[in-house]
Each structure stands twice: as structure tokens, then as C-alpha cells.
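Enquirer: 3D, please:
(2 chains)
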Amino acid sequence: MSGEHADTGLGYTASELLGVMAARRLYDGASVFAGVGLPLLAAVMARKSHAPRLMIVVEGGVFDPEMLTGRLPISTNEMRIAHRATMLTSITDTFLYAQRGFLDVGFIGGAQVDRFGNVNSSVIGPYDRPKVRLPGSGGANDIISLCRDVMIVTMHEARRFVPRVDFVTSPGFVQGGESRKEAGLHFGKVSQVITNLGLLGFDEQERTMRLEAVHPGVTPQQVQDATGFELEIPSDVPTTAPPTAGELTLLRSLDPDRRYLG
Amino acid sequence: MKPGDFIVARQRLEAKRRHAGEKLTSAQDAGRLVKDGDHVAVGGCLFSRTPMLLVRELLRQQRRGLTLSRNLMCFEGELLMVAGAVDQIVTSWQGIGLPWGLSRVLREHVESGRVRMEEWSHLGLGLRYRAGAMGVPFLPTLTMLGSDLMDVGGSRPIACPFTGETVNAVPALFPDVAILHVHRADRHGNCQIDGYTHMDADIARAASTVLVTAEEIVDEEEFRHHPDRTAIPGFVVDAVVHAPLGAMPGECYGLYETDFEHFDRYVAAINDKGMDGVREYLDRWVYGPATHQEWLNLFDPATVERQRRFGRELTNPEVAGV
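Expert: This next block holds a predicted model:
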């Protein structure tokens, strides 16, 4: 996690870059399942700019909240995230809205991501006697299973981008091809992996990870070097538009204490 | 009881001597209804509405061999683990919260094999409680399919009898005991909850025995005036204990906000002294105070007043947000 607050040398930190790129994926009228931290900042940022009717849903049972600046929530289950919501309900019922298909976008993170977009936030090593016991799924498995388009937001490091995750906490394309659907997940998919180096997607047939764009100042080779498996890299990789001054000002205004932006 | 055994669960409920009378009791007597080896489901979520008085009572009565379940487990789980009360946790996530990083207590106990962690997704665990609440052996869901969570908790992929599609059957969870903290209760066990309800109402109906602490004990007449606000009906509940500010240092919706600095100090002590940091916390905050009032007296009154003000501000819609 050490690098996410580091300055990229371009006038913004890696976490600011992730926040801006995530916000750009949100659109007016969409419903987004957001966790605390960068996903929530990105969602509020989108609502304050290009997506004023973005509906934010939080797993603690909170629909469409308007949080207080400088009082950013620590968890998904507390008053800070419930301020001025239009609905408060139970956790189970909140996820059932996602299972029914009402949630357009979801964000998740994790300790490991593999070439099929599977995410591990459970254990490093064997499940029963792990080398590292991580906190666990939380809502991540439900979000990736049930929302229509899921974005994985993470720092890009070879130790995170592994050929095969130690444990599939949250299923991306499982073993590639049609295996996600064959497991019973007819809907939803990992649409994009947003990292501090670029944007990655998945091959339409094989469902293996491919590079779709690099961020300013990053080469495709640098992305490959930070990835523990072979990426599909097209001959012509576009470069993302850098965060604008307006985007950065807005994002920073939402986290004045830099609790999540570092 | 094996997972999903709705017949035994129903038999246990029918065999229980239920009464419609006085349920108001002491924490000590309520705590005695929990036996060594019981599955105890903890209401609230993370640091919201954690029933701390009953958690402290289980620690003081030195329960052993417990299985704890809660969808997001927080420091109550850590206290019980370090005290040696817990063999297994059933949860989707355990930690204090994102800013505090990985839980050293969880790591030490699970990595060493002393505590088994049975992991479910949020919805998976929520539907297990709901199936229990409904008195059926399982519920079908689309979540967790295709993940390794299918193999660690007892999910079963089954063919839907109507469409033939694969769905995930999650077994009903019937906890031996539920411990909950609510805003208001009457002496017959009727309960009101303000704000988000977490999984409490399902947990209460699923469990064989239900112990409730309440911020306020109110007259039955208050329930008759607002029957639509009753989250848990009295006949579900076995014991009610008055516990003002009972979820501190966590929050209770509308009444007081979490004192995050309390958790800063708790985690700093663990970073400094390892599990001894937790043991010192137990001595000071659990074994030290003999009564709920003595425990309340340990909190700085100015901090409590500040957290109450924050609680009012955060639930006041007149204060503009972004």
C-alpha cells in the first residue's frame, strides 16, 4: 500500500489518479455500489460534477447519502455515511437490490488480482493455516457477483497481479471463457481494472486481462513489468487524459484531511 | 445443531418455556442464559450498535468454546478471542476498520489455528440468518457462486427445480443465542431500532434465545402508539437489560457517534504490546468495572458529550452535505 500516496511526479498522487479515473467511469442516472475510501470519494466526485443524479448505495443499508465534508465515513455501517440518505434499510435487503439487478456499477479492491480478474481478500497461503489472514470478503464477493459492471481499483504491483490468486474471494471470469456463466453467474462482469499505471480490460473470448490504456508517463512495458503474468498488449495503446486541475481540486476538497488521498 | 436443521430449531423453540411477562433483568442473569460451546450471534455491525454490556458479561462469566457470528466483526470479537472464549468465528470480515489496517488479533489467532474463521459473503451470511428467521432449511442465492467461499462455509450449488439453472443454497443458521443492542424496549421485550437495522431482526427470529440490551426502557404504551416502529416483537425476546450508552465506544444511530480515538488508543496498544495490549484493555474496561455504571464512569464525560452532539448532527437533515 506504500506507493499509493506517492507523488507521480506529475502533480498528483497515485490515489488521486485512481480516484479521478474511477469517477470518470460513473455516469448520470447510474446506481453505484460504493465502499468507503477511494470508491466513495470517486462517487461523490462524479455526483458533484458530471453525474448529478448518480445514486450511491452503501452496504450498511444506506441509499443516496449526502455526506458532510471533513466527516468522511470510516465504515459502510455508520451515521457518517447515512447523513441525508433517502432510505435506510437492512444489510441483507441492500444486497438483495443488487441480486435483483438494480445496481449498475460496483467498485472493489483486494490484495491479489489474477489474469481472469478474480480477487483475493481472504488469505495468503492455505485457507486453514494461512500465512496471512486478510480481513475477508466483506461486500466484495456480493458486489462482483451481482452488480452489472464492476471496477477493480488497485495499485499495480507484481506481488498483487498474480497468475492465480491464492483464494478466489470474489469471482471475476473464474477460469476464463464461459466459466463464470457456467458457475451460475449469468449477469455482471469485471469491466475494468483501474490501476495507478493504466486501465485494463478482458479479452472477449478468453477473458484474460489485456492492457487498454496507460496513464501519462507510463509505458506498456512498465505495466507488464509490474504484472506477474503475461498481459495481452495491443500494438497501439492509448494514453489516458491526465487528471484536470478541476478534477483534482474537487477530489481534494472532499477529503481535506487527506484520510484517503494520503 | 447441524446447519439448516429447521426441525430441531423448531423443536427447540416449542420446548422452550416462553412467557409473556416480565423480561427485564440484570446483565448477570441474562448472561447466564449463554452456555459454554454456544453459537452466539452478535447484533449490530462493526462499531454500530454492538451489545457491549452482554459482550462484557460473557467475558466476565468466562464462557469458553463459543462460536461467534456477525457479518462485520470488530473489537468485540478480538476481546473474546484474546480472552480464550472463542473457537470459531463466522463472518464476512473482521478488523477494526480500514484506517487501522489488518487485525493483528485475527492474524495471530487464525494463522496459529487456535480459532477457525468460517468466511461468507455479507449476503451469504445475511441469507443464512434470514432462512433461520423463516424457519426453512436454506435459501437460494446467486452470490458466492464461482468463488472459493463455496468450499469453506457449507454452501451447496444446486439445480433450480423450476429453471434448471445453478443456484447457491445457503443453509439456515439457527444461533443458540442472539445478543442485540436496541434503542428502546419495553419490559415484555418489544424492541424499536432507529436508523439502519443491520441484520438484527433476522438474527432475533433465527436464534433459540434472544438477549437484548436497550438504551431506554419505555412503557408498553409507547409501542401501542407507534406499533409500525417495532422491529422485534416481544415474544421473540427472552431477556431485556437496561444499558444506556450501551454501544460505546461504538455508535448508536441518532444518539452518539463512535469515539474513533478510543479505537486509535486500543490499536496503538496492540501495536506496542501485542496481545498484552488487549489484556490490559480487558483488565481496565471489562474485568475492572463491576457494574454498567462503573464502566460508564471510565469514559471522559466531555468526550461522551461530544460524541452525543456528533450523533445528533449526523442525523439532522437540516445540516447540508455533499
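
Enquirer: quick one: low-confidence parts of chain A?
Expert: Across chain A, the ranges flagged by pLDDT under 70 are A:1-3.

Enquirer: any idea how many residues pack against B:L98?
Expert: By the measure other C-beta atoms under 10 Å in any protein chain shown, the count of residues near B:L98 is 17. Using the backbone N, CA and C atoms, a C-beta is placed for each residue, glycine as well.

Enquirer: just checking, it touches A:L38?
Expert: No: because the distance of 10.4 Å does not satisfy C-beta atoms under 8 Å, B:L98 is recorded as not touching A:L38.

Enquirer: mind giving me the packing neighbours of the helix or strand where B:R56 lies?
Expert: Taking DSSP states H and E as the criterion, the element that holds B:R56 is helix B:52-60. Helix B:52-60 is packed against helix B:27-31, helix B:75-82, strand B:177-185, strand B:209-217, helix B:292-297, with contacts defined by 3 or more C-beta pairs under 8 Å, 6 or more residues apart in numbering or on different chains; DSSP states H and E.

Enquirer: give me whichever of those is most buried.
Expert: When you average the neighbours per residue for each of these (mean count of other C-beta atoms under 10 Å in any protein chain shown), strand B:177-185 leads with a mean of 28.

Enquirer: which neighbours does that strand have in its sheet, and in what orientation?
Expert: In the sheet, strand B:177-185 lines up against strand B:39-42 (parallel), strand B:191-192 (antiparallel), strand B:209-217 (parallel) (DSSP bridges).

Enquirer: now these as a markdown table including distance to B:H292 and mean pLDDT?
Expert: Formatted as a markdown table, the strands paired with strand B:177-185 follow (distance: least, C-beta to C-beta, whole Å; pLDDT from 0 to 100):
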| stretch | distance to B:H292 | mean pLDDT |
| --- | --- | --- |
| strand B:39-42 | 18 | 98 |
| strand B:191-192 | 18 | 98 |
| strand B:209-217 | 9 | 98 |
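
Enquirer: count residues in the vicinity of A:G136, would you?
Expert: A:G136, neighbours per other C-beta under 10 Å, totals 26.

Enquirer: distance of it relative to chain B?
Expert: A:G136 sits 4 Å away from chain B, taking C-beta to the nearest C-beta, to the nearest Å as the criterion.

Enquirer: which residue comes closest to that residue once chain neighbours are left out?
Expert: If the residues on either side of it in the chain are set aside, A:G136 comes closest to B:W93, at 4.2 Å by C-beta to C-beta, 6 or more residues apart in numbering or on different chains.

Enquirer: where does that neighbour land on pLDDT?
Expert: Listed pLDDT for B:W93 reads 97.

Enquirer: any idea what it is bridged to?
Expert: On the basis of DSSP bridges, B:W93 is bridged to B:L72.

Enquirer: so it sits against A:P135, correct?
Expert: Yes: under the criterion of C-beta under 8 Å, B:W93 lies in contact with A:P135, with a separation of 4.9 Å.

Enquirer: can you list the residues of the stretch 201-322 of chain B near chain A?
Expert: Taking C-beta under 8 Å from any C-beta of the partner chain as the criterion, the neighbours of chain A within the stretch 201-322 of chain B are B:201-202, B:251, B:253-254, B:257-258, B:260, B:310-311, B:313-315, B:317, B:319-322.

Enquirer: spatially central residue for chain B, please.
Expert: The C-alpha lying nearest the average C-alpha coordinate of chain B belongs to B:V42 (C-alpha atoms, centre = their mean; 2.0 Å).

Enquirer: check contacts around that residue.
Expert: Contact analysis of B:V42 by C-beta atoms under 8 Å, 6 or more residues apart in numbering or on different chains lists B:50-51, B:55, B:68-70, B:73, B:76-77, B:179.

Enquirer: any buried residues in stretch A:237-246, and which?
Expert: Taking 16 or more other C-beta atoms under 10 Å in any protein chain shown as the basis for neighbour counts, the residues of stretch A:237-246 that come out buried are A:237, A:240, A:242-243.

Enquirer: tell me where chain B has strands.
Expert: Under the criterion DSSP state E, chain B contains strands at B:39-42, B:66-69, B:72-73, B:86-91, B:93-94, B:116-119, B:138-141, B:156-159, B:166-171, B:177-185, B:191-192, B:209-217, B:230-232, B:239-242.

Enquirer: three-state assignment of A:P234?
Expert: coil (DSSP: H, G, I helix; E, B strand; the rest coil).

Enquirer: looking at it, it is touching A:R210, isn't it?
Expert: Yes: between A:P234 and A:R210 there is a contact at 7.1 Å, judged by C-beta under 8 Å.

Enquirer: among the two, which residue is more densely surrounded?
Expert: In this comparison of A:P234 against A:R210, neighbours counted by other C-beta under 10 Å, the higher total goes to A:R210 at 16 against 10.

Enquirer: what's opposite the more buried one in the beta bridge?
Expert: Each beta-bridge partner of A:R210 is listed here: A:G201, A:E232, as defined by DSSP bridges.

Enquirer: check B:V182 too.
Expert: Going by DSSP bridges, B:V182 forms beta bridges with B:A214.

Enquirer: please verify my assumption that it contacts B:G195.
Expert: No: with contacts defined as C-beta under 8 Å, B:V182 does not count as touching B:G195, sitting 11.0 Å away.

Enquirer: re the thing from before, closest to chain A out of the contacts of B:V42?
Expert: Proximity of the contacts of B:V42 to chain A was ranked by C-beta to the nearest C-beta; the top entry is B:M73 with 9.0 Å.

Enquirer: the stretch 101-250 of chain A against chain B: which residues are in contact?
Expert: Taking C-beta under 8 Å from any C-beta as the measure of proximity, the stretch 101-250 of chain A contacts chain B at A:122, A:127-142, A:145-146, A:167-171, A:174, A:179-180, A:183-186.

Enquirer: cross the residues you listed against strands and list the overlap.
Expert: A:132-133.

Enquirer: buried ones only from the residues of the stretch 101-250 of chain A next to chain B, please, as a PyMOL command.
Expert: Remark: buried members of these, expressed as a PyMOL selection using 16+ other C-beta under 10 Å:
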select buried, chain A and resi 122+127+130+133+134+135+136+137+138+139+140+141+142+145+146+167+168+169+170+171+174+180+183+184+185
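
Enquirer: nearest spatial neighbour of A:G60, chain-adjacent residues omitted?
Expert: Of all residues beyond its chain neighbours, the one nearest A:G60 is A:N77 (3.5 Å), with distances taken as C-beta to C-beta, 6+ apart.

Enquirer: what's the neighbour count on the one you found?
Expert: Residues lying near A:N77 (other C-beta under 10 Å) number 29.

Enquirer: same question for the one 4 residues further on.
Expert: A:I81 is flanked by 26 other residues according to other C-beta under 10 Å.

Enquirer: list the contacts of it.
Expert: When contacts are counted by C-beta under 8 Å, 6+ apart, A:I81 is found next to A:36, A:40, A:58, A:60, A:62, A:65, A:67, A:73, A:75.

Enquirer: may I see those residues organised as a markdown table, with secondary structure added?
Expert: What follows is the contacts of A:I81, written out as a markdown table (three-state DSSP):
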| residue | secondary structure |
| --- | --- |
| A:V36 | coil |
| A:L40 | helix |
| A:V58 | strand |
| A:G60 | coil |
| A:V62 | strand |
| A:P65 | coil |
| A:M67 | coil |
| A:P73 | coil |
| A:S75 | coil |
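
Enquirer: need the strands of chain B in JSON lines with distance to B:G31, can you?
Expert: Shown next, in JSON lines, are those (distance: least, C-beta to C-beta, whole Å):
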{"stretch": "strand B:39-42", "distance to B:G31": "11"}
{"stretch": "strand B:66-69", "distance to B:G31": "12"}
{"stretch": "strand B:72-73", "distance to B:G31": "20"}
{"stretch": "strand B:86-91", "distance to B:G31": "16"}
{"stretch": "strand B:93-94", "distance to B:G31": "23"}
{"stretch": "strand B:116-119", "distance to B:G31": "24"}
{"stretch": "strand B:138-141", "distance to B:G31": "31"}
{"stretch": "strand B:156-159", "distance to B:G31": "36"}
{"stretch": "strand B:166-171", "distance to B:G31": "28"}
{"stretch": "strand B:177-185", "distance to B:G31": "9"}
{"stretch": "strand B:191-192", "distance to B:G31": "19"}
{"stretch": "strand B:209-217", "distance to B:G31": "8"}
{"stretch": "strand B:230-232", "distance to B:G31": "19"}
{"stretch": "strand B:239-242", "distance to B:G31": "9"}
